[in-house]
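> sequence and computational prediction follow.
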Amino acid sequence: MTSAALIGLPHIMQSKHLAGRLPEPPNPIADDGDETRFCGTCAFSSACIAAGYDKPELVELQCLVEHVGPFRGGEHIFRTGDPFRAIFAVRSGTVKTRMVDKEGREQVLGFYLPGEVIGLNAIYPEHFPCDAVALDTAFFCRFSFPAMSALASRVPAVQQHLFRMLSKELGTASLLAGDHSADERVAAFLMDLAHRYEVRGFSGTRFRLSMSRGDIANYLRLAAETVSRVFSRFRTQGLIEIEGRELQLLDPAKLRQIGQALLP
Amino acid sequence: MATPIVPPEFDPALIARYDVAGPRYTSYPTAPQFQAEFDESALRAVIRASNEEPIPRPLSLYVHVPFCMSPCFYCGCNRVITRDIAQGDRYLERLYREIGLVAPLFDRDRPVRQLHFGGGTPNFLDASRMRELMESLARHFSFSHEPGREYGIEIDPRYANGEYMRELGRLGFNRVSVGIQDFDPQVQRAVNRVQSFDETREVIDAARDAGFRSASVDLIYGLPRQSLDGFSRTLDQVVALNPDRVAVYGYAHLPEMFKPQRQIDAAELPDAATRLALFGRALERLSEAGYVYIGMDHFARVDDELAQAQRCGSLQRNFQGYSTHGDCDIIGLGVSAIGRIGDSYSQNARDLIGYYAALDAGRLPVVRGLQLDEDDLIRRALINELMCHGELDKQRFGAHHRLLFDEYFARDRQRLAPLVADGLVQEDAQAIVVTSRGRLLLRIIAMCFDAWLGDAAQTPRYSRVI
């Protein structure tokens, strides 16, 4: 049993005409690690390396990291009420977390990008308080939580990292509180995504919106039409360029300014 | 990219050399490549995805009315000859059912920016039926109220009059496309379509009075008994009607494929040289009268939106030829109608039996289609650029689609080489440019980049390029 079950990356490129295709731009798909290297987006690598632990040592510590997936768009990674045994780091793809009330109304809680961790909000109740649904083909590292806790107790840096992730998770909810205009919300949403992509080494000005406009609207507490109207307005104003779901931020400074009330 | 419009050079010898069958690229891949695996669930999935884009595309509705009162012998369209309006009502019943099934799949905030009634003969439906149909569409979809909306209809003037056109204007139509083909009585008798200049003028004038923004007419060259003199008179009459756009189609005589064409005596068809001379005359006469050649079969007044769009680089190819609204998702309604939603094409059952059976069972009547892959999308964009603007910046195109142009299109460029040698296209490290000599042979140029043409066994039949 090793931590690095070598799963091939999702085969995204068409094979019909490969000659002359340029490589994918640095895009949000984690490169695969192996027994001696961490995945490029690993949520824990920096904490472990900083503490002097390299991957082989972690294997010895039996901190079992299991690669799971693919999950197709619409499939659940976990459901509300499932017992909590593990947290999941996104290796590739995008995930939304959501709650569904008694009337069947959905509330989107957040979106998770490669390198980010889902399931942290289940640590205390010991069962998942929400659903996690893949938005496109997604792969994960599954960290057994008992093993994780054991590692954290030996490696203070890992424990600190866990706490940091937890507090960030708590912080994001406040992004949406308060009375803010649709323009502010959408601009803040885009700049938040841009920042998260950027810190993980991806382009912070050019990325694909894998969430539907319905999900974005739900998350931002806006109507779907309003979200589209704001996107159209931003495009007319020369702040963004958008083709299908491919987004380019042409004037991030201006967007940051519009969304500043909601941004850290 | 903004391109000065190069007028085409008419060289009969050159055109004759390239006179082979080829697709018109109103879509890429072309309809013969659509596959039965693209079914109702695939269509529902692409519609869902189209609603979920950050800015869902506006909508374009195509409504097919398959009935004609009388058979024109040249016709290769999907149509049913009848004068029985009860047949029309049975069809409308299913069309309403289809509208009721399809419309709710699209989010209501997506405006219908473009609407086109084609046929067959849309004016087979009388004014009250037309009103009912438009009201149903307006109820189920969100009609656009912008002045730029394009709501068009094809009209056979033999079965329409001024009052009918005024009623269409009240229903919201603002563009009309009128079939003429040829005013020469000899030709009209040979193709079983006798239509006077006066009844044609009545329809166009009434449309203008009723506030229609644009009138276009269709001509056909290569019809039986067509002569240069007769066609020249037709062209003079067409210029007198002052249409905004003129389409000049080449007749493709394929009697094995199109039954009505068996009524045409092949011995009466003009020979290849005359065919070309007929088109050459149209080109000359229309240019003198202030029309610019857009490409393929299409001409437009120099101030028409099509010509403007071509100048500023925003022209698009669509099923009706060229369009300024290429950014819409197209919903095809009615028998044999083709839709283009997201990166897919889909076509309804091509016969009434199949169309009725699907709807009577509560199913969408789609029978085939295609989900375009990345290579298809790249080639569609390339063919669109060449057919609309006659120029392609290889570096920019390569950067946009993440490819090394010369390497990715190595085989295609080999196919293009003889065309470069013949002076139809110029190619250097930076760009591919269609020359004035190549402008009448756009199909041939586009065919070099068609990845689906390689398979000879599957090669479908197309009409000749000119």
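It's in.
> closest point of the stretch 101-250 of chain A to chain B, which residue?
Closest residue of the stretch 101-250 of chain A to chain B, Cβ to the nearest Cβ: A:Ser212 (3.3 Å). No exception for glycine: its C-beta is placed from N, CA and C like everyone else's.
> residues near that residue, how many?
Neighbour count for A:Ser212, taken as other Cβ atoms under 10 Å in any protein chain shown: 22.
> my guess is it contacts B:Asp107, does it?
No: contact between A:Ser212 and B:Asp107 fails when scored by Cβ atoms under 8 Å: they sit 10.8 Å apart.
> quick check: neighbours shared by those two?
Shared contacts of A:Ser212 and B:Asp107 (Cβ atoms under 8 Å, 6 or more residues apart in numbering or on different chains): B:Asn51.
> got phi/psi on the closest residue to chain A within the stretch 251-400 of chain B?
Proximity of the stretch 251-400 of chain B to chain A (Cβ to the nearest Cβ) peaks at B:Glu374, 4.4 Å away. The phi and psi torsions at B:Glu374 (degrees, to the nearest 10) take the values phi -60, psi -40.
> ok, it - how many residues close by?
16.
> mind listing residues that contact stretch A:179-199?
A:28, A:111, A:113, A:116, A:175-176, A:203-205, A:207, A:209, A:216, A:219-222, A:226-227, A:229-231, A:233-234, A:240, A:247, A:249, A:252, A:255-256, A:258-263.
> let's see it as PDB, backbone CA atoms only.
In PDB, the C-alpha atoms belonging to stretch A:179-199 read as follows (Å, rounded to 0.1, in the frame of the first residue of the first chain):
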ATOM      1  CA  ASP A 179     -25.600  44.600   1.700                       C
ATOM      2  CA  HIS A 180     -23.600  44.900  -1.500                       C
ATOM      3  CA  SER A 181     -24.400  45.500  -5.100                       C
ATOM      4  CA  ALA A 182     -24.400  42.900  -7.800                       C
ATOM      5  CA  ASP A 183     -21.400  44.600  -9.400                       C
ATOM      6  CA  GLU A 184     -19.400  44.400  -6.200                       C
ATOM      7  CA  ARG A 185     -20.300  40.800  -5.600                       C
ATOM      8  CA  VAL A 186     -19.400  39.600  -9.100                       C
ATOM      9  CA  ALA A 187     -16.200  41.600  -9.200                       C
ATOM     10  CA  ALA A 188     -15.100  40.300  -5.700                       C
ATOM     11  CA  PHE A 189     -16.000  36.800  -6.800                       C
ATOM     12  CA  LEU A 190     -13.800  37.100  -9.900                       C
ATOM     13  CA  MET A 191     -10.900  38.600  -8.000                       C
ATOM     14  CA  ASP A 192     -11.100  36.000  -5.300                       C
ATOM     15  CA  LEU A 193     -10.900  33.200  -7.900                       C
ATOM     16  CA  ALA A 194      -8.100  35.000  -9.700                       C
ATOM     17  CA  HIS A 195      -6.100  35.300  -6.500                       C
ATOM     18  CA  ARG A 196      -6.700  31.600  -5.600                       C
ATOM     19  CA  TYR A 197      -5.500  30.500  -9.000                       C
ATOM     20  CA  GLU A 198      -2.500  32.800  -8.900                       C
ATOM     21  CA  VAL A 199      -1.200  31.600  -5.500                       C
END
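> what does chain B put close to chain A?
B:51-56, B:107, B:109, B:342, B:373-375, B:402-410, B:451 (Cβ under 8 Å from any Cβ of the partner chain).
> mind redoing it with 6 Å?
Within chain B, the positions near chain A by Cβ under 6 Å from any Cβ of the partner chain are B:52-55, B:109, B:373-375, B:402-404, B:407-408.
> A:Gly110 pairs with what?
Beta-bridge partners recorded for A:Gly110 (DSSP bridges): A:Thr97.
> ok, it touching A:Lys96?
No: in this structure, A:Gly110 is not within contact of A:Lys96 by Cβ atoms under 6 Å, at 7.0 Å.
> element containing the closest residue to B:Ala36 other than its chain neighbours, please.
Computed as Cβ to Cβ, 6 or more residues apart in numbering or on different chains, the closest residue to B:Ala36 that is not its neighbour in sequence is B:Arg368, at 5.0 Å. Under the criterion of DSSP states H and E, B:Arg368 resides in strand B:366-371.
> who does the following helix or strand past that strand touch, helix- and strand-wise?
Next in sequence after strand B:366-371, counting helices and strands by DSSP H and E, comes helix B:374-389. Judged by 3 or more Cβ pairs under 6 Å, 6 or more residues apart in numbering or on different chains; DSSP states H and E, the packing partners of helix B:374-389 are helix B:442-447.
> mean confidence for the helix it packs on?
The pLDDT scores in helix B:442-447 average 92.
> against B:His253, how distant is B:Gly76?
10 Å (Cβ to Cβ, to the nearest Å).
> same thing with B:Val80?
On the measure of Cβ to Cβ, B:Val80 and B:His253 end up 22 Å apart.
> how about B:Ala300?
Separation of B:Ala300 from B:His253 (Cβ to Cβ): 28 Å.
> neighbour-wise, which of these two wins?
B:Ala300 (25 against 18).
> and for the host helix or strand of that one, what's in contact with it?
Secondary structure assignment for B:Ala300, by DSSP H and E: strand B:298-301. With Cβ atoms under 6 Å, 6 or more residues apart in numbering or on different chains as the test, strand B:298-301 has contacts from B:Asp244, B:Arg245, B:Val246, B:Ala247, B:Leu286, B:Tyr291, B:Tyr293, B:Ile294, B:Leu306, B:Ala307, B:Gly321, B:Tyr322.
> let me see the mean pLDDT of that strand.
In the prediction, strand B:298-301 has an average pLDDT of 95.
> distance from that strand to the middle of the chain?
Remark: strand B:298-301 is offset 14 Å from the chain centroid, using Cα atoms, centre = their mean, to the nearest Å.
> could you do stretch A:146-157 as well?
Remark: stretch A:146-157 is offset 23 Å from the chain centroid, using Cα atoms, centre = their mean.
> tell me the buried residues in that stretch?
A:Ala147, A:Met148, A:Leu151, A:Ala152, A:Val155, A:Ala157 (16 or more other Cβ atoms under 10 Å in any protein chain shown).
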